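Asker: With the input below, show me the fold.
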Amino acid sequence: MLNSIHSPADIKQLDLSELQSLADEIHQFLISSVEKTGGHLASNLGTVEMSIALHYVFDTPKDSIVFDVGHQAYTHKILTGRKDKMHTLRQKNGLSGFTKRQESEHDSFGAGHSSTSISAALGIAIANGINHSNGKSIAVIGDGALTGGMSFEALNHAGDSETDLLIILNDNDMSISKNVGAMNKYLTKLISGKMYSTMKNKSLSFLEKMPRMHEFAKRSEEHLKGMVLPSTLFEELGLEYYGPIDGHDLPTLIKTLKNLKAQNKPRLLHLITKKGYGLDRAENDPCKFHGIAPASDDSSTLDSYSNVFGRWLINTASNNKDLIAITPAMCTGSGMSKFEQKFPDQYFDVGIAEQHAITFAGGLATQGLKPIVAIYSTFLQRGYDQLIHDIALQNLNVIFAIDRAGLVGSDGATHAGCFDLSFLRCIPNLTIMAPSNGLELYQMLNTAFKMESPVCIRYPRGVANIAKYETQDTIEIGKANVLLKGEKIAIFAYGSRVDSALKAGKVLGGSVIDMRFVKPLDEQLISQIANSHQQLISIEDNVILGGGGSAISEYLHQQKITTPLQILGLPDDFTEQGSQTELYQQYGLTAQGIIKTIQS
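Answerer: Next comes the predicted model:
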């Protein structure tokens with residue numbers, strides 16, 4: 001049956017029993033496909049029935065479905081004509097792991113970071129009104145994304161807008177109790193139907209002539225619904241609340257969505273789904289199966305940078321109760337799971353709330369504690385104002401452990417940490433470090449922990465290239481490290497590109513410098529190297545504009561040193577998706593790329 005689905009129009013020809021068979025096929029297809037390509041498995045298994053029901057009831061692209069994050073959108077991709085390309089998911093020149101406007105007319109809004117769907121869908125709904133369009137706007141948001149403050153800002157606006165917006169809350173952190181499940185289904189069907197709405201509106205209109213009875217009726221309704229439905233928060237914000245209902249029950253989903261499609265006011269449907277639905281091992285461990293890697297022959301036993309950071313946290317906290325570790329919902333990805341278990345009182349997961357995480361850390365720092373914010377490079381972008389205003393301006397001693405810096409591979413442009421050196425370097429009071437291996441990361445963390453000002457340590461996704469890294473050593477602030485002494489050519493390398501620079505330097509007979517610090521620069525060494533070599537190269541996994549190479553160039557210009565400098569980095573564009581190896585080769589950030597640059 002799945003092979004006959006080429007567009008949403010095809011599923012509208014099916015009856016309910018056929019839709020259920022289709023859902024079963026999609027479950028099996030997702031499991032076999034994603035296990036080969038890698039991707040977000042558990043969350044997508046939980047949204048198969050919801051996606052089928054949405055496309056059965058609504059008509060994309062006239063109606064707009066905005067998926068939050070995009071972790072929920074694989075079935076949507078399959079139903080909108082991309083099933084035969086799913087084998088290219090997250091690969092170079094293949095399908096994106098997220099919704100992407102350039103990929104399909106059915107992707108009404110691009111997604112990568114969370115908590116954006118309600119804002120975007122509200123914008124589309126209001127635009128529909130301005131343009132006199134009868135298209136519907138639907139936001140699909142997970143319960144985790146509701147921890148992001150942007151969601152509540154959008155809910156606050158939506159509830160006051162009187163616009164045609166449907167919000168679907170995909171709640172996969174709870175289950176429906178059997179003893180109340182049937183009643184919940186019945187009530188939701190009832191209160192989403194025309195009969196209930198008409199009776200309710202006419203009754204309230206009549207009772208408005210008797211103020212006391214009117215108030216009593218409203219309170220009675222709220223209390224009755226509040227006894228069985230968690231509606232109070234959303235209705236106080238001005239949204240009509242419906243649910244919760246079983247998000248895997250296709251007949252109920254379709255009936256309810258048809259009822260809600262007929263309405264034209266801000267409304268929220270609460271679905272209960274199960275992450276990993278239909279795959280026992282994913283249901284039992286949804287965290288592990290949230291994002292899976294494709295099958296690989298990689299047998300490396302070396303730790304990742306994230307695990308090196310996690311190990312440092314545990315070792316340091318063992319002797320220092322002032323250490324406070326903070327994450328905006330990235331505990332596992334940032335290597336903090338063991339730390340959370342061992343030091344629960346020194347660990348805070350604030351949810352998907354990057355702005356709050358940073359200012360919260362600032363508050364802790366004012367009281368003499370040592371807060372460390374573990375955050376992905378692209379997620380730090382969301383807290384930029386707080387970094388400047390609440391941390392750097394006040395010169396507060398907060399450490400930022402910036403994971404996933406540089407090219408991250410298959411997650412693509414939304415998660416590539418290509419801009420951090422540029423947007424951090426311009427901020428006063430910051431010290432910025434870039435380790436080239438696990439030992440340097442450990443030393444830099446030791447150094448940062450002894451400082452009394454804000455520090456950023458940015459490191460890549462992947463293996464830390466060293467087996468032994470635990471040490472008490474620190475490094476001198478602003479001091480680079482000469483790894484190879486040669487003649488004529490000198491290569492200044494940052495972070496993950498040091499290894500490639502070293503390989504190229506050995507071939508070229510040149511000098512190689514591990515810069516280690518983006519700010520402050522080792523100006524004395526730069527002058528010495530520039531005056532003793534004929535050609536300079538800098539290389540980094542950041543955009544060229546405003547990055548580490550730019551910092552060296554600015555210094556050379558100030559000192560009127562004219563030794564030519566060639567800056568290698570990422571172009572003024574959003575990066576593509578693909579493996580890290582493929583992308584480093586594409587952008588010339590390998591040993592071969594350096595050699596080619598010199599030879600040309």
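
Asker: tell me which element residue 306 falls in.
Answerer: Per DSSP states H and E: residue 306 is located in helix 305-317.

Asker: pLDDT (mean, whole number) over that helix?
Answerer: Per-residue pLDDT over helix 305-317 has a mean of 97.

Asker: For that helix, buried residues please.
Answerer: 305, 306, 307, 308, 309, 310, 311, 312, 313, 315, 316, 317 (16 or more other Cβ atoms under 10 Å). Every residue, glycine included, has its C-beta placed from N, CA and C.

Asker: I'd like these as JSON lines, with distance to residue 243 appended.
Answerer: Listed next are those as JSON lines, based on distance: Cβ to Cβ, whole Å:
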{"residue": "305", "distance to residue 243": "42"}
{"residue": "306", "distance to residue 243": "37"}
{"residue": "307", "distance to residue 243": "40"}
{"residue": "308", "distance to residue 243": "44"}
{"residue": "309", "distance to residue 243": "40"}
{"residue": "310", "distance to residue 243": "38"}
{"residue": "311", "distance to residue 243": "44"}
{"residue": "312", "distance to residue 243": "44"}
{"residue": "313", "distance to residue 243": "40"}
{"residue": "315", "distance to residue 243": "47"}
{"residue": "316", "distance to residue 243": "45"}
{"residue": "317", "distance to residue 243": "42"}
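
Asker: so what does the helix or strand harbouring residue 245 touch, helix or strand wise?
Answerer: With secondary structure defined by DSSP H and E, residue 245 is part of strand 240-246. Strand 240-246 is packed against helix 178-192, helix 250-261, strand 267-272, with contacts defined by 3 or more Cβ pairs under 8 Å, 6 or more residues apart in numbering; DSSP states H and E.

Asker: just how off-centre is it within its chain?
Answerer: Centroid separation for strand 240-246 versus its chain: 27 Å, with Cα atoms, centre = their mean, to the nearest Å.

Asker: That strand pairs with which strands?
Answerer: strand 267-272 (parallel) (DSSP bridges).

Asker: Contacts made by the partner strand with the rest, please.
Answerer: Residues from elsewhere that reach strand 267-272 (Cβ atoms under 8 Å, 6 or more residues apart in numbering): 50, 165-172, 174-176, 192, 230, 234, 239-247, 253, 256-257, 260.

Asker: ok, and the closest non-adjacent residue to residue 125?
Answerer: Of all residues not flanking residue 125 in the chain, residue 137 sits nearest, at 3.8 Å (Cβ to Cβ, 6 or more residues apart in numbering).

Asker: For that neighbour, give me the pLDDT.
Answerer: Looking at residue 137, the pLDDT reads 97.

Asker: How about residue 295?
Answerer: For residue 295, the model assigns a pLDDT of 59.

Asker: same check, this time on residue 26
Answerer: 94.

Asker: what packs against the helix or strand encompassing residue 357?
Answerer: Applying DSSP H and E as the criterion places residue 357 in helix 354-366. If contacts are counted by 3+ Cβ pairs under 8 Å, 6+ apart, helix 354-366 sits against strand 323-327, strand 370-376, helix 384-386.

Asker: The helix holding residue 306 to strand 370-376, inter-axis angle?
Answerer: Put simply, helix 305-317 runs at 170 degrees to strand 370-376, going by axes from the mean of the first three to the mean of the last three Cα atoms, to 10 degrees.

Asker: what does helix 305-317 contact?
Answerer: Helix 305-317 is contacted by residues 303, 323, 325, 333-339, 342-343, 346, 372, 374, 401, 403, 435, 438, 441-442, 445-446, 449, 459-464, 469-470 when judged by Cβ under 8 Å, 6+ apart.

Asker: Quick one: end-to-end distance for stretch 315-332.
Answerer: The stretch stretch 315-332 measures 18 Å between its terminal residues, going by Cα to Cα, to the nearest Å.

Asker: ok, now stretch 282-293?
Answerer: Using Cα to Cα, the end-to-end distance of stretch 282-293 comes out at 14 Å.

Asker: picking that back up, nearest to residue 600, of the helices and strands packed on helix 354-366?
Answerer: Set against residue 600 and scored by Cβ to Cβ, the helices and strands packed on helix 354-366 come closest in strand 370-376, at 35.1 Å.

Asker: what about residue 494, how many residues close to it?
Answerer: By other Cβ atoms under 10 Å, the residues close to residue 494 number 33.

Asker: typo on my end, residue 332
Answerer: 16.

Asker: what's next to stretch 61-71, contact-wise?
Answerer: In this structure, residues lying in contact with stretch 61-71 by Cβ under 8 Å, 6+ apart are 40, 43-44, 54, 58, 73, 76, 96-99, 105-106, 108-109, 111-118, 120-121, 124, 135-142, 145, 290.

Asker: so where does residue 281 fall, helix or strand?
Answerer: Using DSSP H and E, residue 281 sits within helix 280-284.

Asker: I'd like the mean pLDDT over that helix, please.
Answerer: For helix 280-284, the mean per-residue pLDDT is 71.

Asker: In a strand, residue 22, correct?
Answerer: No. Judged by DSSP: H, G, I helix; E, B strand; the rest coil, residue 22 forms no part of a strand; its state is helix.

Asker: Can you give me the pLDDT of the residue lying closest to it once chain neighbours are set aside?
Answerer: In this structure, residue 22 finds its nearest non-sequential neighbour in residue 1, 5.3 Å apart by Cβ to Cβ, 6+ apart. On pLDDT, residue 1 comes in at 88.

Asker: Looks like residue 508 contacts residue 595 (just checking).
Answerer: Yes. If you go by Cβ atoms under 8 Å, residue 508 and residue 595 touch, sitting 6.5 Å apart.

Asker: between those two, which one's more packed in?
Answerer: residue 508 (23 against 16).

Asker: if we look at the sheet, which residues does the residue lying closest to that one once chain neighbours are set aside bridge to?
Answerer: Distances taken as Cβ to Cβ, 6+ apart put residue 489 closest to residue 508, at 5.3 Å, once the chain neighbours are dropped. Note on residue 489: beta-bridge partners by DSSP bridges are residue 535.

Asker: Might you report the residue contacts of residue 489?
Answerer: If you count contacts by Cβ under 8 Å, 6+ apart, then residue 489 has 505, 508, 509, 510, 511, 533, 534, 535, 536, 537, 598 around it.

Asker: Save the residues you listed as CSV, and put in secondary structure, distance to residue 572 and pLDDT too.
Answerer: Below are the contacts of residue 489 laid out as CSV (DSSP: H, G, I helix; E, B strand; the rest coil; distance: Cβ to Cβ, whole Å; pLDDT from 0 to 100):
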residue, secondary structure, distance to residue 572, pLDDT
505, helix, 27, 96
508, helix, 27, 95
509, coil, 32, 96
510, coil, 27, 96
511, strand, 29, 98
533, coil, 28, 97
534, coil, 28, 97
535, strand, 24, 96
536, strand, 21, 97
537, strand, 19, 97
598, helix, 23, 89
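
Asker: Could you provide the residues you listed in JSON lines, with additional columns for distance to residue 571?
Answerer: Listed next are these as JSON lines, based on distance: Cβ to Cβ, whole Å:
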{"residue": "505", "distance to residue 571": "24"}
{"residue": "508", "distance to residue 571": "24"}
{"residue": "509", "distance to residue 571": "29"}
{"residue": "510", "distance to residue 571": "24"}
{"residue": "511", "distance to residue 571": "26"}
{"residue": "533", "distance to residue 571": "26"}
{"residue": "534", "distance to residue 571": "26"}
{"residue": "535", "distance to residue 571": "22"}
{"residue": "536", "distance to residue 571": "20"}
{"residue": "537", "distance to residue 571": "17"}
{"residue": "598", "distance to residue 571": "19"}
